[in-house]
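Chemist: Provide a 3D model corresponding to the input given below.
(2 chains)
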Amino acid sequence: MEWGNDIYKAIKEAGVGQVAYVPDAGHKILINACIADNDIKAVSLTTEEEGIALSAGAWLGGEKCVMLMQSSGVGNCINMLSLIETCRFPFAAFVTMRGQWHEFNPWQMPMGTTTRQALETAGCLVDEVENPEDVGAKAAATLHKAFVGQQSSVLLLSQRMVPVKTFGK
Amino acid sequence: MSERAESFPLHRREVAKTLLHARDDMLIVTGLGSTNWDFTAAGDAPRIFPLWGAMGGAVPTGLGLALAQPNKRVLVATGDGEMLMGIGSLATVAVQVPKNLAICVFDNERYGETGMQTTHTASVADLALTAQGLGIKDTGVIADEDALNADLNAITAGDGPVFRVIKVRAEPLDFVLPSKDGVHLKNRFRLDLLGSDAV
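Modeler: Model (predicted):
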């Protein structure tokens, strides 16, 4: 889970000013680092689609925004991603995966197994990382693709890198 | 009950004109769909970003902009149907407390783009009360011209976040369309705000 610090470092190096998130166990280290950082406006959302529009608004105002969410939240974003696609806003998101690896909760499977397809259908370029050692480099590349390459760029963080959730069973 | 909006005294096109010209350096995000046509009719300008889709996204777009530009006044003008679709974003705004953000909901109690079917505000839903409940302190309802004039300073310069429901007449109006090219709308906004290096 220490890889959260590697994403934080990449976010800082890219000069990101806003980080939008929905509370998530996998992103805990990263979210807490962003909240503690006075140069980052950490924005807690009620639903993931707000973060898509927030990112667009930030870019209109000359600021870079990064979105943190879980794979289940991707399903909430589909129509809002039309804003990114139609206006060609740069967009960057880091998605922790469920439904992939020792998933306890069957309700996570439908969205977890179709996250990449859903994002690609909505016009995002998607990469994935399974090895914690690769997170820093892939995070930097994801942000570069978004803000230098001006693309909609998403990195999936494999469930293999997150402790297995067992609900006490 | 559902017909009452047909006799509301305020006309949305006049309200848009008043808001647009109240402060010429205000950045404006308008929501799908009638508020787009209202502000285009009032005076299409690069500092207006009209959303042709992304329903429910007007307030969070305005929030991202307001956080990025804390020294500029930002106005979100949207409709009651669009606001209802992204209602949770008002709590997100309330937590951030952006001093420079005002939100005006043009509430005609109708879905204008789909044939003027009633929204939930025509019967039971109170958006000002909802905004208050979600944590926005400065909220209110504007129902006539005197109230609009009295609140103009709060909307354009008051400590944000400011939230107003503006009850406007449900009336048939001509479409006055801005460009629908999203890349153009984005680029003209950034060029105007950030200068020639922004594109």
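Chemist: Quick one: the helices in chain A, in order.
Modeler: Using DSSP state H, the helices of chain A run over residues A:3-13, A:28-36, A:48-60, A:71-74, A:81-87, A:109-112, A:115-121, A:135-147.
Chemist: List the buried residues of the second one.
Modeler: The neighbour-count criterion (16 or more other CB atoms under 10 Å in any protein chain shown) identifies A:I29, A:L30, A:I31, A:A33, A:C34 as the buried residues of helix A:28-36. (C-beta placed from N, C-alpha, C; glycine too.)
Chemist: now the helices for chain B?
Modeler: Using DSSP H, the helices of chain B run over residues B:12-22, B:34-43, B:58-68, B:80-85, B:89-96, B:127-133, B:145-157, B:182-194.
Chemist: Show me where chain B dips below the pLDDT cut-off.
Modeler: Within chain B, the ranges that satisfy pLDDT under 70 run B:1.
Chemist: what does it put close to chain A?
Modeler: Within reach of chain A by CB under 8 Å from any CB of the partner chain, chain B has these residues: B:27, B:29, B:49, B:51-69, B:72, B:86, B:88-89, B:91-92, B:95-96, B:182-183, B:185-186, B:189-190, B:193-194, B:198.
Chemist: returning to what we had before: restrict the buried residues of helix A:28-36 to those that also contact chain B, please.
Modeler: When CB under 8 Å from any CB is applied, no member of the buried residues of helix A:28-36 is adjacent to chain B.
Chemist: Tell me the one of the residues you listed nearest A:A141?
Modeler: Minimum distance to A:A141 across these is 16.9 Å, recorded for A:L30 (CB to CB).
Chemist: check contacts around the nearest residue to the closest one once chain neighbours are set aside.
Modeler: Distances taken as CB to CB, 6 or more residues apart in numbering or on different chains place A:G4 nearest to A:L30, at 3.8 Å, with adjacent residues excluded. When the contact criterion is CB atoms under 8 Å, 6 or more residues apart in numbering or on different chains, the partners of A:G4 are A:H27, A:K28, A:I29, A:L30, A:A33.
Chemist: still on that earlier bit, need the winner for burial among the helices of chain A.
Modeler: Mean neighbour count (mean count of other CB atoms under 10 Å in any protein chain shown) peaks for helix A:48-60 among the helices of chain A, with a mean of 29.
Chemist: Which elements pack onto it?
Modeler: Packed against helix A:48-60 by the contact rule (3 or more CB pairs under 8 Å, 6 or more residues apart in numbering or on different chains; DSSP states H and E) you find strand A:18-21, strand A:65-70, helix A:81-87, strand A:91-96, helix B:58-68, helix B:89-96, helix B:182-194.
Chemist: What residues sit buried inside stretch A:100-107?
Modeler: Neighbour-count burial for stretch A:100-107, counted by 16+ other CB under 10 Å, picks out A:Q100, A:E103.
Chemist: and it, how far from the chain's centre?
Modeler: Distance of stretch A:100-107 from its chain centroid, counting by CA atoms, centre = their mean, to the nearest Å, is 20 Å.
Chemist: what's the span of it from first residue to last?
Modeler: This stretch, stretch A:100-107, spans 12 Å end to end (CA to CA, to the nearest Å).
Chemist: do the same with stretch B:84-95
Modeler: Taking CA to CA, stretch B:84-95 runs 19 Å from one end to the other.
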